[in-house]
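> the amino acid sequence is not available; the structure is as follows:
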């Protein structure tokens, strides 16, 4: 698909010299065949990629991997999260790994006045808004493997009886 137009990508057919849909893996639903045929119907209405009823989610601009460290049990998990997702939404997905994730204070180590200290994450902000920068582009430029550094969210148990 073309990003700007959100349409099927096209190319000029070298044989017919006509603009055709670019389908390197074969035709998909609602894309006309390259040659005129009598058994292809055009009365399907809206193409599936334009029909909002087939939309199952939103495409993230960028995803990133985050590591979670439970300081009480020592358990570590990794999740790939969309950069637009709020910490609260990340916590909802993390419940699969720890049902009591709401009973934890979420902290990250960030620079503050020249020293690194643990700071509590604001659940209504994204990782970037909380100061956890995504440095993958810089790593890629410097040819550093993307798994060289993965940000860690430390989970500190607080006995607040959120889950009985």
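Perfect, thanks for sending it. What you see is a predicted model; the values in this text were computed from it and never measured. Numbers count the residues shown, from 1 in each chain.
> C-alpha from now on. contacts and neighbour counts both.
Noted.
> report how many residues lie close to the closest residue to residue 130 other than its chain neighbours.
Excluding its sequence neighbours, the residue lying closest to residue 130 (CA to CA, 6 or more residues apart in numbering) is residue 121, at 6.2 Å. Applying other CA atoms under 10 Å, we find 20 residues neighbouring residue 121.
> equivalent analysis for residue 132, please.
By other CA under 10 Å, 16 other residues sit near residue 132.
> and the helices in the chain, which stretches?
87-94, 136-141 (DSSP state H).
> what's the most buried one of the ones you listed?
helix 87-94 (a mean of 17; mean count of other CA atoms under 10 Å).
> show me what it is in contact with.
Residues outside helix 87-94 that contact it (CA atoms under 8 Å, 6 or more residues apart in numbering): 79, 81, 101, 102, 121, 122, 123, 124, 125, 126, 127.
> kindly reformat the residues you listed as TSV containing pLDDT.
Below are the contacts of helix 87-94 laid out as TSV (pLDDT from 0 to 100):
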residue	pLDDT
79	95
81	94
101	88
102	89
121	96
122	96
123	96
124	97
125	97
126	96
127	96
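> who wins for most neighbours among these?
In terms of neighbours by other CA under 10 Å, the contacts of helix 87-94 top out with residue 127 at 26 neighbours.
> give me the low-pLDDT residue ranges for the chain?
For the chain, applying pLDDT under 70 flags the ranges 160-164.
> and the residue nearest to residue 130, what does it touch?
The neighbours of residue 121, taking CA under 8 Å, 6+ apart as the test, are 87, 106, 107, 108, 130.
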